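# Below is the sequence, then the predicted model.
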Amino acid sequence: MYVDTSVLVKLFLREEDSDKCEAAVGRSTLVSSYLLRCEFRSALLRRVALGTVAESQKEEVWQEFESNVADKRIVLVPLDDLVVKEAANILDLTYPHVHLRTLDALHLATFVSLDAGPLLTTDLRMRQAARRLDLNLAF
């Protein structure tokens, strides 16, 4: 199952949709773009800055993430020229109906390049773009 950062955060930190995401994921191996590493770190740092995650919890969560990557429970797929070109194509295919952000287009292009099962995202724009592209969404 392909996940983006919006879902990964909900799997590692309790949020409103965490239970729904956990149920959708089950015991699946998670696949994502290598972008996830930087985006997830950014999300953790933002939550520390907002005071919703303690500094000590940030490091525990990060180590758990790294452990999941090392154990291949989360597989990170590197970006290459083909994925970047496909992301640009996705931007064209979804414009003007969806104003997709660059990193979201890169996630969608990575997803398109794989056979990783359904796409699981809670990001509204990514979901809208995936529907326009007729991609398999988990929910």
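Perfect, I can see it now.

# distance of E86 from V112?
Distance, E86 to V112, by C-beta to C-beta, to the nearest Å: 6 Å. C-betas here are computed from N, CA, C, even on glycine.

# And the two? Which one has more around it.
E86 (20 against 17; other C-beta atoms under 10 Å).

# If we ignore the residues flanking it in sequence, what's nearest that one?
Spatial nearest neighbour of E86, chain neighbours left out: A109 (3.8 Å); criterion: C-beta to C-beta, 6 or more residues apart in numbering.

# residue boundaries of the strands in the chain?
For the chain, applying DSSP state E gives strands covering 2-3, 30-33, 74-77, 119-120.

# Compare those and give me the one nearest T94.
strand 119-120 (14.2 Å; C-beta to C-beta).

# now for that closest one, which elements pack on it?
If you count contacts as 3 or more C-beta pairs under 8 Å, 6 or more residues apart in numbering; DSSP states H and E, strand 119-120 packs onto strand 2-3, helix 18-25.

# Can you name every helix or strand that the shortest one contacts?
The elements that strand 2-3 packs onto, with contact taken as 3+ C-beta pairs under 8 Å, 6+ apart, are strand 30-33, helix 102-112, strand 119-120.

# Appreciated, that's everything.
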